[in-house]
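In: Below: sequence and its predicted model.
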Amino acid sequence: MAESQAHRRRVYFALWPSNAVREQIAAIAHEWVGRSAGAAIPVENFHATLAFLGSISAETLEQVQDIAASLRSAPFDFTLDRVETWTAAKVLCLVAAQPAPALLAFASSLRFSLLAQQPESSPQEFRPHVTLARRPIHRIDATSAAVAWPVADFVLVESTPGPRGSEYRILRRWPLHR
């Protein structure tokens with residue numbers, strides 16, 4: 001018998017910014033969201049998704065946490081330095097014009113490991129970004145101030161609907177190490 005939706009959790013793996021990085025992203029959002037005329041994402045929700053899992057069972061949740069614990073990567077840095085409107089997704093994003101090879105390798109390793117748990121999923125191309133606004137009216141494609149993001153860990157986040165949109169809660173954090 002299939003598990004009811006009430007016992008499933010909507011989760012994703014992400015990079016969660018430090019307060020210093022979050023403040024830099026917020027300054028860029030302040031500059032560009034108004035120009036886009038989009039609906040601003042709350043500052044506390046800024047993150048960079050590594051892999052979206054969707055609604056999963058408690059059993060699968062345990063399994064994906066075991067997978068995450070088995071991953072190895074040295075800490076790395078990457079830079080967000082471009083603001084783009086993604087028309088199909090209807091979002092304004094701060095992106096990495098030249099994604100760091102270590103970030104791409106880590107995300108690829110995580111996504112490949114997760115395919116064993118969710119073979120029916122169709123992995124989308126990984127584009128490191130932070131969503132700044134939804135439903136922008138004006139298209140933007142511009143260089144922005146660079147945000148250097150030192151990455152020392154990654155997180156598993158639960159997303160639940162709330163009165164102001166999705167609310168995010170970190171379920172678990174894993175440090176990066178060799």
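Out: All right, it came through fine.
In: Please count neighbours and contacts with C-alpha atoms only from this point.
Out: Will do.
In: After the lengthiest helix in the chain, heading C-terminal, what element do we hit next?
Out: Counting residues, the longest helix found in the chain (DSSP state H) is helix 19-36. Counting by DSSP states H and E, the element after helix 19-36 in chain order, helix or strand, is strand 39-40.
In: Please enumerate the strands of the protein.
Out: Assigned by DSSP state E, the strands in the chain fall at 9-15, 39-40, 48-56, 76-86, 91-95, 129-134, 141-151, 153-162, 165-175.
In: Excluding sequence neighbours, find me the nearest residue to residue 154.
Out: Closest residue to residue 154 apart from its sequence neighbours, by C-alpha to C-alpha, 6 or more residues apart in numbering: residue 15 at 4.9 Å.
In: Who does the one you found form a beta bridge with?
Out: residue 48 (DSSP bridges).
In: and it, what does it touch?
Out: 47, 48, 49, 50, 151, 153, 154, 155 (C-alpha atoms under 8 Å, 6 or more residues apart in numbering).
In: tell me, what residue is most central in the protein?
Out: residue 49 (1.6 Å; C-alpha atoms, centre = their mean).
In: which of the contacts of residue 15 tops the neighbour count?
Out: residue 50 (24 neighbours; other C-alpha atoms under 10 Å).
In: Can you tell me the closest non-neighbouring residue to that residue?
Out: Residue 50's closest residue in space is residue 14 (C-alpha to C-alpha, 6+ apart), at 4.8 Å.
In: my guess is the one you found contacts residue 53, does it?
Out: No: the pair residue 14 / residue 53 is not scored as a contact, 10.9 Å apart, by C-alpha atoms under 8 Å.
In: Compute the number of surrounding residues for residue 40.
Out: 20.
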